[in-house]
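Participant: next one to model:
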Amino acid sequence: MSQTASDPAHGADAAPTLLDRTFQISLLLKGLDGVLELIGGVLLLVISPFRLDSLIRFLTQHELSEDPKDLIANALRHYTSTLSVSASLFGAVYLLLHGLVKIVLVWAVLKDKLWAYPWMVAFLLVFIAYQSYQLVVGFTIGMALLTAFDIFIVWLTLHEYRAHKARRASAPSR
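Facilitator: Down below sits the predicted model:
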C-alpha cells in the first residue's frame, strides 16, 4: 500500500494515508464478499432447488405476513420458485469460481504482489461490464451500488498500483 509502515522505501515511521486505509477496507469487503460467494456456491451444490425454495418460503413467511409487498422477500421467493437443477448447478459453479478468484486476488493485492493489481482490475472490469448490462436490462439499486463500488475499487487499485510501481522504480538497488 502506498506509504505504509511496512514499505521499505518510506521507512518505519511512514503512516498509512486515508486513501490507503480506504483501499484496505474496500479490499477486505471484496474478500468477505468472495467468502460469502463460496458459501453460497457450496449451499447451492448441497441443497436441492426444491429444499431451497421450501427454506426461503419458511424464512420469509413472517416478513411477508407483516409486509406482503416486501421487495427482498418477494424477490427471493420468486427466484427460488423458478430455480431449476441446471440453473442451480450453474449458479453454484459461478459463485465458487467467482468467489475463489476474488479471494486469491484480494489476498495477493493485500500481500503487495504487483502481478495481482492488473488482474484485479481486469477481473472487476469484466464484472462491471456484465453488471452494466444487467442494469440496462433491469435496473436495481443493489446492482447500481455494487457496480459503483466495483468502479471505486478499480480506481483505488489503479491508484495503488501506480504508486507501488513508482516506489519500486525509485527504490535504491541492493
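Participant: per-residue confidence at residue 76?
Facilitator: pLDDT recorded at residue 76 is 88.
Participant: and residue 11, by the same measure?
Facilitator: The model's pLDDT for residue 11 equals 43.
Participant: for the residue most central in space within the chain, helix, strand, or coil?
Facilitator: Nearest to the mean C-alpha position of the chain, by CA atoms, centre = their mean, lies residue 30 at 3.8 Å. Per DSSP: H, G, I helix; E, B strand; the rest coil, the secondary structure class of residue 30 is helix.
Participant: pretty sure it is touching residue 104, no?
Facilitator: No - the criterion here is CB atoms under 8 Å, and residue 30 misses it with residue 104 at 11.5 Å. Quick note: C-beta positions are derived from backbone N, CA and C, even for glycine.
Participant: model confidence for the residue nearest to the centre of the chain, exactly?
Facilitator: Reading off the model, residue 30 has pLDDT 91.
Participant: so how far is residue 105 from it?
Facilitator: Separation of residue 30 from residue 105 (CB to CB, to the nearest Å) stands at 8 Å.
Participant: same question, residue 89
Facilitator: Per CB to CB, residue 89 is found 25 Å from residue 105.
Participant: look at those two and report which has more neighbours.
Facilitator: residue 105 (24 against 13; other CB atoms under 10 Å).
Participant: surely that one touches residue 120?
Facilitator: Yes - the criterion here is CB under 8 Å, and residue 105 meets it with residue 120 at 4.7 Å.
Participant: picking that back up, what is the neighbour count of the residue lying closest to the residue nearest to the centre of the chain once chain neighbours are set aside?
Facilitator: Nearest non-adjacent residue to residue 30, counting by CB to CB, 6 or more residues apart in numbering: residue 106, 5.3 Å away. By other CB under 10 Å, the residues close to residue 106 number 23.
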